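In: No sequence on hand, only this structure:
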């Protein structure tokens, strides 16, 4: 038995009574990479001292894909964030179709996405790739479910796949969040297969509850075997709350994605 994937976990969601540098150090001690959300919330100097492998963090603080004003905000924010990402050695910088406010509610909500918006979003992502090439970083675009994030443009797995595959540049990958896919579309293994050429990271949490594997309806042992069968050996990150003890939640995640490599 062994780890077929590069395992990580979101530090923001575990050990909520501990400072973020302690959480990052704990995950590092356990041999896992460390995911972050918004960097302005943290003391970067303390995080630098941890020596963690920071796998992903939000790649912007404001902006959106599908209009001129929002694209300008996104690009300026992404460039600033890229500098922070390089300071921490972050592997991937994450984007959404629009900025998210309190509780994950999209700041710019649209029930209908027009053809012009699709074209503008693709143009914005190409500009993001140009920026990424200049800075030497990689961005991902994450799918979101519309139950938790109502009105989020380009939120579905299908929409994210369509955009990233149409841009088709190495500076932009998919952050395939299977918790969101389960709520939005289901059929997780087939979505893994469809997205495979463009996946930069797979994120996991069980549903309902958004807690660790084994607390809900998703058979993550099967997902792990399916990903291995597809030839995927990249990052898999738990972006989940702990139903109880955070260390036990990490244990459950590691167990789910530790499979026979023979």
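Out: Okay, I see it. All values reported here derive from a predicted model rather than from experimental measurement.
In: can you pull out the helices in the stretch 1-150 of the chain?
Out: Using DSSP state H, counting those that start in this stretch, the helices found in the stretch 1-150 of the chain span residues 20-29, 44-50, 68-88, 115-135.
In: Tell me which of these sits most buried.
Out: helix 20-29 (a mean of 20; mean count of other CB atoms under 10 Å). Where you see a C-beta, it was placed from the backbone N, CA and C, and this is true even at glycine.
In: quick revisit: among the helices of the stretch 1-150 of the chain, which is nearest residue 254?
Out: Residue 254 lies closest, by CB to CB, to one member of the helices of the stretch 1-150 of the chain: helix 20-29, at 11.0 Å.
In: could you list every residue that touches the closest residue in space to residue 83 that isn't next to it in sequence?
Out: Counting by CB to CB, 6 or more residues apart in numbering, the nearest residue to residue 83 once its immediate chain neighbours are dropped is residue 135, at 7.5 Å. Residues near residue 135 by CB atoms under 8 Å, 6 or more residues apart in numbering: 79, 82-83, 86.
In: Could you list the low-confidence segments of the stretch 1-150 of the chain?
Out: Under the criterion pLDDT under 70, the flagged ranges of the stretch 1-150 of the chain are 1-2, 105-106.
In: which residues of the stretch 101-250 of the chain fall in strands?
Out: Remark: strands assigned in the stretch 101-250 of the chain by DSSP state E, counting those that start in this stretch are 139-142, 172-177, 199-204, 235-238.
In: Note down every partner strand of the last one and its orientation.
Out: For strand 235-238, the paired strands and their directions (DSSP bridges) read strand 6-10 (parallel), strand 199-204 (parallel).
In: Residue 42 contacts residue 48, correct?
Out: No - proximity of residue 42 to residue 48 does not meet the contact threshold set by CB atoms under 8 Å, at 10.5 Å.
In: if we can go back for a sec, okay if I get the strands paired with strand 235-238 as TSV plus mean neighbour count?
Out: Listed next are the strands paired with strand 235-238 as TSV, based on neighbours: other CB atoms under 10 Å:
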stretch	mean neighbour count
strand 6-10	23
strand 199-204	24
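In: Would you mind listing the residues in contact with the residue nearest to the spatial centre of the chain?
Out: Taking CA atoms, centre = their mean as the criterion, residue 175 is the residue nearest the geometric centre of the chain, at 4.6 Å. Residues near residue 175 by CB under 8 Å, 6+ apart: 56, 92, 94, 140-143, 200-201, 203.
In: Ok, residue 55 next?
Out: Contacts of residue 55 by CB under 8 Å, 6+ apart are 6, 8, 33-35, 90-92, 201, 235, 237.
In: change it to 7 Å
Out: The contact partners of residue 55, taken as CB atoms under 7 Å, 6 or more residues apart in numbering, are 8, 33-35, 91-92, 235, 237.
In: likewise residue 215?
Out: Neighbour list for residue 215: 206, 209, 243 [criterion: CB under 7 Å, 6+ apart].
In: So residue 167 is in contact with residue 129, correct?
Out: Yes - Residue 167 is within contact range of residue 129, at 6.5 Å (criterion: CB atoms under 7 Å).
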